[in-house]
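S.K.: Pasting the sequence and the predicted model now:
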Amino acid sequence: MVSAKRDQLRYDGRVVVVTGAGAGLGREYALLFGSRGAKVVVNDLGGNFHGQGKSNAADKVVEEIRSAGGTAVADYNSVVDGEKIIQTAMEAFGRVDVLINNAGILRDRSLARISDEDWNLIHDVHMKGSFMTTRAAWPIMKKQNFGRIIMTSSNSGVYGNFGQANYSAAKLGLVGLANTVAIEGQKNNIHCNVIVPTAASRMTEGILPEILFNELKPKLIAPVVAYLCHESCEDNGAIIESAAGWATKVHFVRGKGSVLRTSIDEDVTPEYVRNVWDKVTDMSEAKHLNAIGEASLSLVEVLEKLREGKSAENSVTETYKFNYKDVILYALGVGATVTDESDLRFLYENHPEFSVLPTFFILPGLLSVMGSDLTAKAIPHAQFDLTNILHGEQYIELFDSVPTDGVLTTTSTVIDVLDKKSGALVVTQSESFDENGTLVARGQSSTFVVGVGNFNGKSKASSEVKALMPNPKRSPDASVQIKTSRDQAALYRLSGDLNPMHIDPSFSAIAGYKTPILHGLCTMGISVKAVLKRYGNDDSSLFKAAKVRFSKPVLPGQTLRIDMWKEANNRVCFRTVVVETNTEVLSGAYVDLKKIVLKPNMTAGKSLQSDAVFAGIKDRVSENEAKAKAINAVFLYKITDGGKVSKEWVLDLKNAKVYEGPVQGKADTTMTISDSDMVDLALGKLQPQAAFMKGKLKITGNIMLAQKLAPLLKTEAKL
Ligand SMILES: CCCCCCC[C@@H](O)CC(=O)SCCNC(=O)CCNC(=O)[C@H](O)C(C)(C)COP(=O)(O)OP(=O)(O)OC[C@H]1O[C@@H](n2cnc3c(N)ncnc32)[C@H](O)[C@@H]1OP(=O)(O)O
């Protein structure tokens with residue numbers, strides 16, 4: 001009880017003016033504020049709800065407040081004389097902190113029967129009255145650097161209501177008034193909010209169904225208004241609907257809309273408007289805008305796009321909502337596996353480093369282009385469908401934020417159309433922005449439309465299209481082999497590209513393939529992930545950009561070998577080859593990283609994940625021999641004691657073999673480790689310390705030495 005009182009929202013020292021407080025909602029407001037320490041001005045003209053007659057209702061409410069130990073004065077001025085009401089407050093209490101514009105009357109008539117007087121009276125009481133009191137209180141609140149103002153609107157205004165045209169207009173007018181008062185008052189800590197109450201009162205009796213009327217106690221709304229008027233409430237410019245012990249915020253929303261012409265030089269025609277009317281009225285992506293500036297900004301963006309030629313004809317904007325499930329499903333689709341401990345960050349939403357694979361951000365652009373008629377419009381001469389469309393090339397660049405959930409707004413634009421003789425190549429660029437308008441990703445996707453070339457188009461790409469990087473001539477610095485699953489496409493397609501060519505044998509047969517082929521982006525995802533693992537420490541935030549060409553199709557179940565070349569400026573060039581057929585499937589590819597980070601060799605060994613790698617364990621050569629053969633060897637394992645190397649193992653990435661190195665120097669301590677344990681360690685199946693604890697590593701010597709040795713089992717990588 002004590003703590004409840006301590007937590008109580010209080011209004012001690014505050015002066016609250018409530019108009020129309022003789023009954024109904026206003027009375028409840030006045031009583032509540034009076035009971036919480038405020039000094040209350042109980043204004044009421046004393047008329048009935050038609051604005052006629054006189055009563056001493058305000059005195060009665062004042063009496064109620066006083067008998068409960070509160071402070072209040074009555075005021076019988078009309079709200080149209082708002083300054084007089086404020087004057088009452090100043091004379092009685094010397095300040096005005098809260099103004100609740102609640103007074104209202106009804107003059108319900110169907111439109112044709114509304115007289116001038118009905119119209120004017122309603123507007124005088126609601127609109128002009130609220131304005132007059134607010135204007136009178138304004139300089140006082142400004143001086144105090146504090147004020148809380150409430151405008152009272154109505155669902156009749158928000159939705160309209162038969163027979164209330166005058167009242168509806170005035171009530172929605174108050175929302176407009178509040179919107180601007182909120183903006184003008186912000187800098188002086190004067191907040192103005194709107195309440196949309198549905199309460200049983202003299203005004204609503206006979207209008208609302210009886211069962212509803214009985215539950216719409218004004219008392220249940222008063223605390224909402226009280227909170228809105230408390231100094232701790234930061235809302236300003238909000239519209240709050242409340243009734244029956246329930247409240248919610250109400251927003252105006254705006255649809256995505258549609259441009260009404262194809263370029264800045266075109267006129268808008270009624271026919272064009274008719275043709276895009278579905279888009280104009282589509283509210284599926286409606287959003288609330290917080291300020292008038294946002295509305296103007298979006299118009300500026302529309303104009304800029306039109307000026308750049310990104311018209312409705314060659315550009316499309318879509319939103320893409322995603323969360324951890326999409327991120328994880330994508331990672332599974334490109335081969336992330338819990339059997340590789342370092343992949344867990346892509347698969348488990350509670351992992352401390354939970355992150356999204358960079359190539360995921362190709363999806364919003366790709367899916368929006370696939371779902372649009374951009375390609376068809378770009379090559380109007382061509383007849384095609386999904387059976388003659390291939391993914392030709394893909395570029396992706398990420399900027400600073402790599403979110404794991406959110407809503408991206410992606411605009412895709414056709415930037416090039418090329419005649420490649422055997423086909424047409426349509427290049428689209430997609431830019432994805434997060435909810436704050438920050439650029440997250442830029443992608444370029446080329447669609448190779450087979451068999452519709454020779455249309456006398458240009459064949460050389462424009463400079464805007466990102467170029468491929470030919471692979472260096474030397475043998476690769478590192479190679480990784482990854483076997484795809486027979487179900488790879490079946491899994492990958494769940495990330496959005498449902499093209500039947502990747503799953504439906506009868507469909508792929510029409511396209512000219514014996515069996516369904518793998519998504520190009522799946523091969524790219526697997527390959528870029530392998531590069532990131534090898535040179536980027538599995539850290540998505542180190543990723544900058546990647547580009548590939550899909551030069552030949554891949555079949556689910558085939559083994560991919562990713563050959564990598566570490567180049568200057570943190571660039572890793574790579575190609576991907578199908579091992580079974582020795583066919584290059586990704587060509588001229590590269591990944592740009594922010595920096596190259598090599599993992600300890602232990603992980604490099606793990607990433608091979610294939611027992612076949614160790615099949616050659618017997619095939620041991622010395623380190624020098626390995627070097628002499630120019631094999632791409634990496635020191636996999638180094639056991640040292642006192643700085644002297646006792647044993648080394650060399651992993652040949654190119655030929656997928658492990659070699660035992662020579663024993664250099666003389667170790668002070670003897671250590672025994674079986675070959676199979678060594679392999680398990682290299683594969684990461686056995687953790688060094690766990691192995692040690694299990695007694696699998698037999699280290700003779702004293703315990704101090706053993707402790708020193710354990711961390712040394714993690715070795716550094718060398719290329
Ligand atoms: C945004 C929407 C994106 C697209 C939606 C994709 C939806 C997905 O569901 C579809 C997929 O994932 S399909 C699977 C992935 N893609 C592939 O498997 C395509 C593999 N590539 C090929 O088969 C051939 O390169 C092939 C058939 C494409 C071309 O081979 P050829 O006809 O033999 O051409 P070639 O004689 O080698 O070269 C002629 C000119 O074309 C250029 N070129 C070749 N391959 C290209 C490619 N993949 N991308 C871009 N350009 C390519 C050549 O450079 C040559 O140009 P030029 O004459 O100017 O030198």
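M.R.: Perfect, thanks for sending it.
S.K.: so where do the strands sit in the stretch 1-150 of the chain?
M.R.: 15-18, 39-43, 71-75, 98-101, 147-152 (DSSP state E, counting those that start in this stretch).
S.K.: of all those, which lies closest to the ligand?
M.R.: strand 147-152 (49.9 Å; CB to the nearest ligand atom). (Each C-beta comes from the backbone N, C-alpha and C, glycine too.)
S.K.: Check which element follows that closest one along the chain.
M.R.: helix 155-159 (DSSP states H and E).
S.K.: which SS class is residue 394?
M.R.: Secondary structure assignment for residue 394 (DSSP: H, G, I helix; E, B strand; the rest coil): strand.
S.K.: contacting residues around it?
M.R.: Residue 394 is in contact with 362, 443-446, 520-521, 524, 547-548, 550, counting by CB atoms under 8 Å, 6 or more residues apart in numbering.
S.K.: Might you report the residue contacts of the residue of the stretch 351-500 of the chain found nearest the ligand?
M.R.: Evaluated by CB to the nearest ligand atom, the stretch 351-500 of the chain has residue 392 as its residue closest to the ligand, separated by 2.8 Å. Taking CB under 8 Å, 6+ apart, we find residue 392 in contact with 425, 446-448, 549-550.
S.K.: circling back to that earlier point, can you add mean neighbour count, mean pLDDT and distance to residue 513 and give the strands of the stretch 1-150 of the chain back as JSON lines?
M.R.: Output for the strands of the stretch 1-150 of the chain, formatted as JSON lines (neighbours: other CB atoms under 10 Å; pLDDT from 0 to 100; distance: least, CB to CB, whole Å):
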{"stretch": "strand 15-18", "mean neighbour count": "29", "mean pLDDT": "98", "distance to residue 513": "77"}
{"stretch": "strand 39-43", "mean neighbour count": "31", "mean pLDDT": "98", "distance to residue 513": "81"}
{"stretch": "strand 71-75", "mean neighbour count": "21", "mean pLDDT": "98", "distance to residue 513": "85"}
{"stretch": "strand 98-101", "mean neighbour count": "31", "mean pLDDT": "98", "distance to residue 513": "72"}
{"stretch": "strand 147-152", "mean neighbour count": "26", "mean pLDDT": "98", "distance to residue 513": "66"}
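S.K.: so where's the stretch 101-250 of the chain uncertain?
M.R.: Applying pLDDT under 70 to the stretch 101-250 of the chain flags residues 201-208.
S.K.: just to revisit the earlier point, sitting in helices, which of the contacts of residue 392 do you find?
M.R.: Among the contacts of residue 392, the subset assigned to helices under DSSP state H is empty.
S.K.: which of the residues you listed lies closest to residue 487?
M.R.: residue 550 (20.6 Å; CB to CB).
S.K.: quick one: pLDDT of that closest one?
M.R.: Note for residue 550: predicted pLDDT of 98.
S.K.: just the one 5 residues further on next, same as before
M.R.: The pLDDT attached to residue 555 in the predicted structure is 98.
S.K.: can I assume it is in contact with residue 522?
M.R.: No: between residue 555 and residue 522 there is no contact under CB atoms under 8 Å: 11.4 Å.
S.K.: which one of those two has more residues nearby?
M.R.: Counted by other CB atoms under 10 Å, residue 555 and residue 522 do not tie: residue 522 has more neighbours, with 26 against 20.
S.K.: check which helix or strand covers the more buried one.
M.R.: Here residue 522 is assigned to helix 520-535, by DSSP H and E.
S.K.: Surely residue 592 is in a strand?
M.R.: Yes: under three-state DSSP, residue 592 sits within a strand.
S.K.: Surely it is in contact with residue 545?
M.R.: Yes: between residue 592 and residue 545 there is a contact under CB under 8 Å: 4.5 Å.
S.K.: how about the strands in the stretch 351-500 of the chain?
M.R.: 389-398, 406-419, 423-433, 439-450, 478-483.
S.K.: ok so, going back, filter the contacts of residue 394 down to the buried ones.
M.R.: Taking 16 or more other CB atoms under 10 Å as the criterion, what is buried in the contacts of residue 394 is 362, 443-446, 520-521, 524, 547-548, 550.
S.K.: for residue 565, helix, strand, or coil?
M.R.: Assignment for residue 565 (three-state DSSP): strand.
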